[in-house]
Every structure is written in C-alpha cells, then in structure tokens.
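Engineer: my questions concern the predicted model and sequence given below.
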Amino acid sequence: MFKNAYLNGVMETVIKRNPAEPEFHQAVREVLESLEPVIEAHPEYEKAGLIERLVEPERVITFRVPWVDDKGNVQVNRGFRVQFNSAIGPYKGGLRFHPSVYLGIIKFLGFEQIFKNSLTGLPIGGGKGGSDFDPKGKSDNEVMKFCQSFMTELSKHIGADTDVPAGDIGVGGREIGYMYGQYKRLRNEFTGVLTGKGLTYGGSLARTEATGYGLCYFTDEMLKDAGKSFEGATVVISGSGNVAIYATEKATALGGKVVALSDSNGYIYDKNGVDLAAIKQLKEVERKRIKEYVNIHPEAEYHEGCSGIWTIPCDIALPCATQNEINKESAEILVKNGCFAVAEGANMPSTPEAVEVFQSGGVLFGPAKAANAGGVATSALEMSQNSMRYSWTFEEVDAKLHDIMVNIYRNSRDAAAEYGMAGNFVAGANIAGFKKVADAMMAHGIV
Ligand code: NDP
Ligand code: 2IT
C-alpha cells in the first residue's frame, strides 16, 4: 500500500480496529498517502507515535435519542459526537441528520475536520456529530422534539470552550435554533455553544452564505493561478441545499452560468442558467423537491437519478451534495466533456478513483478540506464575535472569509510544491493542515 512501513502499520491497525467503516478508512488512507514525504523527513513523528494518536479519536460518544412523533408513537434514534482532536482548539464541526449516518460517517467527517480546521488558520480542533434521524417529511413539531432530546444528552459533552457544533446535511437554521433553545434552558447560560445561530441570538452575518461563497473564492483563486476564471464558464453544481445554493449565487456573481442542480431524487438542467430565487423559495422556504422547478420553468428539464448530472457538459463542476457522489465513470465523462476545474463543496464527494482521473487528466482539483473550509472558518469568526459580545458587518465577515480562502489556496499550493508535488492540491492541503496540528501535538507530549 504505502512505501513507508510505519504508515502501512498504522493503516492496517485502523482497518482492524474500525471494521466495517469504509468511509473512515478512505479518509485516513488519503491523508496518510499525502503525508508519506513528511513522515520520511520527520522521523521524530514516528518515535512520538504521532500518527497512531492522530487516527484515534480523543473521545467517541454515542447515545439514545428517544422522542414522540405527532401520532403519539415513540421513536428511537442514535446520536453521535466524535471529539477527534483538540490539539489546536476546542472541538469544532457540524452535526449531520440523515438516515445514512452511522459511526463510520461521523468518524470520516471528524477526521477530515481536523485538517480543514487547521487550514483556516483559526484556533479550532476537529469534531463531528449527528444522528440517523431523517428530517425529511417530519413536521416542525417533530423536528423540535427530536432536537430537544438530542441536545438533552449532547449538552453534557459540549461547551463554548470545549466543543462547538454547527450544521451539516439536514441541520440548518431551524434545527440549530431548537438545539440552542434547549441548551440555554438546560444550562441557564447564553454562550456561543453552537454556530450557525440566527442573527437575533448571536449568529454571524454571512455564515449562511459562507461555505458556498468560500468555495467560489477558493475556486476563483485556483482558476486565476492557471490563467482562467468563472467569467463565461458553464458550471454544474450538485445538491440544492445550503452549500449548493450559495455556491450558485457566488459563481453567478463571478460571471459563471450555473445550468444544473440536484437533490437525492434527481437533477434539473436549465440551459438558460438556473433561477436561484425560485430554487431558494422551493428549497429554503417550502422544503420541496427539486423536480418542482420545472413547474415554474417548463423550458428546463428534470431527470430522475443523481449521477446523470455529471454527463452535462461543463467547464467547472462543484459537487455540493454528499460523499462519493462522483465515481470514476462520472469523472471520465466530465474530463471528456472538457471540464477544466472541479472543487469540492461537499465532504469527500469524489471517490479516490475519480480524484485520480481528474489529476491525471490535468483538471484543476480543489479538495474538500481546502475548498469547503469557508463554512467552518466563518463559524470560528462567529465564536470570536460571541466572545467579544460584538458583531461585525456582512462586509467585514465576507472580506475575512475571502482572505482566508485565498490563504488556504496559496498554503495548499505552496505545501504541495515544497514536497515536490506541484499542482497536487490534495497533498498540499493535507500537508499544510497536518503541520500545525503535528507541531501542537508534539508540544503537548504523549497525550
Ligand atoms: P443540506 O442538507 O442543506 O443539503 C444537502 C443537499 O445534498 C440536498 O440537496 C440533498 O438532497 C443532497 N443530498 C444529501 N444526501 C444525499 C445523498 N445521499 N445522495 C444525493 N443527494 C444527497 O446540506 P449542506 O448543503 O449543508 O451540505 C452539503 C455537503 O456540504 C455535505 O457533504 C456537507 O458535509 C458539506 N459541507 C457543509 C457545510 C456547511 O456549512 N453546511 C460546510 C462544509 C461542507 P435531499 O434534499 O434530497 O436530501
Ligand atoms: O463540514 C463542515 O465543515 C461543516 N459542516 C461546518 C462545520 C462548522 O462548524 O461550521
């Protein structure tokens, strides 16, 4: 597998110790591959058992989440919080509510979050949580009941200086509001224990937009470096949730034409460029399916199934739905159709085989840890504002976000070049993110 025997041993242990968690193995393997030259250059890491410690979460919490649905039936879900690494700051990372959630998904996300958070340059450690609860088709009352029960247990393990959750798939402003209300009630304290809060109770301006905008700022910088831009480019974006919507908004503002969006049932193709106001109304307000778009725009097409979206010819592809949504075959079609840039808004949306196709096909490829770090970076800015009991303007937060994304791109590019892998932003992001965490872990001794 790896040339380095130490890393081989660590990977074998990860597989043995975490059976039946393929997404976690996938995320670890990618990082360890990138770190090979760093490990070779720093034998002190092996001596300190640094990588063995890095791949083992500091703490894993699983809990029962009982609640009563609108029909009076008792429902039981499973809750998770993985506190992966606190070397450089309090655990920080989102909560995902989706029926596919199990420990392996939360561990892959928590592991990636360590390096992503480090890349932001802000003092936040890595964590992730969630539940197999499916908010789809539930009433507001049911979502509230679930969130209150979930927070009743979670509140024992988090805190503004300990662990600060936020949103992810299935967790947006509504869910954060219910969870914040329950935390405040249980603890009788008004602190910045969650981010992505509403603007009336400590939320940051531009947090809603941050992941999608940040993705486009990163992509724009990567394109500029290659003498290209969004101007006049055809863009395909998967998903139609928080990240996809604000990526569409910024990509359009930068001169691109977004022609497709999707949800877990299918995708729409609007060759005139999608009508974002209609999408926001459908998805953010009415919580309807994307296929309803063609009722408003009959000239657009709707297709069942998710992967077909990658057959639409485009210059830039921004996967913003979920993990492993682009496989080798889809990647080959994108390359064949002339796509010159792919940047990941979702976490790990490209399979390792797809990444290989992009990189060997000369496509500019921005990996998730770097490209979608704008969300958590702005969460950290929300924490700063909460600590100061102060709020910055939208323009102030947006300007900081822009600078952070440009720096992430440049640091990833430079780290790749330093280790002889110029243009490989996967390796560059992993190495740049790892360095700060490794230094802090070395300073802390064997803990
Ligand atoms: P949302 O819940 O707002 O939207 C998710 C979107 O992806 C929906 O359109 C959803 O469709 C689709 N989707 C979810 N699961 C699947 C699936 N299994 N197959 C196909 N489509 C699916 O989530 P976000 O926009 O917040 O998150 C999207 C991605 O971005 C995730 O990978 C998340 O981890 C990542 N991310 C999010 C950040 C944030 O700040 N929110 C920050 C960084 C990364 P449907 O409605 O049908 O389920
Ligand atoms: O994957 C991610 O970075 C997020 N879902 C955002 C986490 C956060 O704490 O804002």
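Structural biologist: Okay, I see it. Ligands and ions are numbered 1, 2, ... in the order given.

Engineer: once you drop chain neighbours, what's closest to the closest residue to ligand 2 within the stretch 201-350 of the chain?
Structural biologist: Among the residues of the stretch 201-350 of the chain, residue 347 lies nearest to ligand 2; the distance is 5.4 Å by C-beta to the nearest ligand atom. C-betas here are computed from N, CA, C, even on glycine. Of all residues beyond its chain neighbours, the one nearest residue 347 is residue 368 (5.0 Å), with distances taken as C-beta to C-beta, 6 or more residues apart in numbering.

Engineer: near ligand 2, which residues of the stretch 201-350 of the chain? Just list them.
Structural biologist: Taking C-beta under 6 Å from any ligand atom, the part of the stretch 201-350 of the chain that reaches ligand 2 is made up of residue 347.

Engineer: in the stretch 301-447 of the chain, which residue sits nearest ligand 2?
Structural biologist: Of the residues in the stretch 301-447 of the chain, the one nearest ligand 2 is residue 379, at a distance of 3.3 Å by C-beta to the nearest ligand atom.

Engineer: can you tell me if the host helix or strand of that residue touches ligand 1.
Structural biologist: Residue 379 belongs to helix 374-388 when elements are defined using DSSP states H and E. Yes - against ligand 1, helix 374-388 shows contacts by C-beta under 6 Å from any ligand atom at residue 375.

Engineer: still on that earlier bit, surely the residue nearest to residue 347 touches residue 355?
Structural biologist: No - counting by C-beta atoms under 8 Å, residue 368 does not reach residue 355; the two are 10.5 Å apart.

Engineer: nearest the middle, which residue of this structure would you pick?
Structural biologist: In the chain, the centroid-proximal residue (C-alpha atoms, centre = their mean) is residue 347; its distance is 4.4 Å.

Engineer: can you give me the helices for the stretch 1-150 of the chain?
Structural biologist: Counting by DSSP state H, counting those that start in this stretch, the stretch 1-150 of the chain has helices at residues 5-17, 22-41, 43-47, 50-54, 103-119, 140-154.

Engineer: OK, contacts around residue 346?
Structural biologist: 238, 239, 243, 319, 320, 321, 322, 323, 325, 368, 372 (C-beta atoms under 8 Å, 6 or more residues apart in numbering).

Engineer: phi, psi for the first one please.
Structural biologist: Backbone dihedrals for residue 238, given as degrees, to the nearest 10, come out at phi -90, psi 160.

Engineer: how many neighbours does it have?
Structural biologist: 27 (other C-beta atoms under 10 Å).

Engineer: and for the second one?
Structural biologist: As a burial measure, the neighbour count of residue 239 was computed by other C-beta under 10 Å and equals 30.

Engineer: and the third one, by the same measure?
Structural biologist: Here the count is done by other C-beta under 10 Å, and residue 243 has 30 residues near it.

Engineer: A helix includes it, no?
Structural biologist: Yes - in this structure, residue 243 lies within a helix as judged by DSSP: H, G, I helix; E, B strand; the rest coil.

Engineer: ok, now which ones touch the closest residue to ligand 2 within the stretch 101-250 of the chain?
Structural biologist: Using C-beta to the nearest ligand atom, the closest approach of the stretch 101-250 of the chain to ligand 2 is made by residue 166 at 3.3 Å. Taking C-beta under 8 Å, 6+ apart as the criterion, residue 166 is in contact with 92, 93, 94, 95, 176, 194, 195, 196, 375, 376, 379.

Engineer: residue 142 now?
Structural biologist: 67, 69, 70.

Engineer: before we move on, back to that, adding mean pLDDT and distance to residue 247, write the helices of the stretch 1-150 of the chain out as JSON lines.
Structural biologist: What follows is those, written out as JSON lines (pLDDT from 0 to 100; distance: least, C-beta to C-beta, whole Å):
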{"stretch": "helix 5-17", "mean pLDDT": "98", "distance to residue 247": "32"}
{"stretch": "helix 22-41", "mean pLDDT": "98", "distance to residue 247": "22"}
{"stretch": "helix 43-47", "mean pLDDT": "98", "distance to residue 247": "36"}
{"stretch": "helix 50-54", "mean pLDDT": "98", "distance to residue 247": "30"}
{"stretch": "helix 103-119", "mean pLDDT": "99", "distance to residue 247": "17"}
{"stretch": "helix 140-154", "mean pLDDT": "98", "distance to residue 247": "25"}
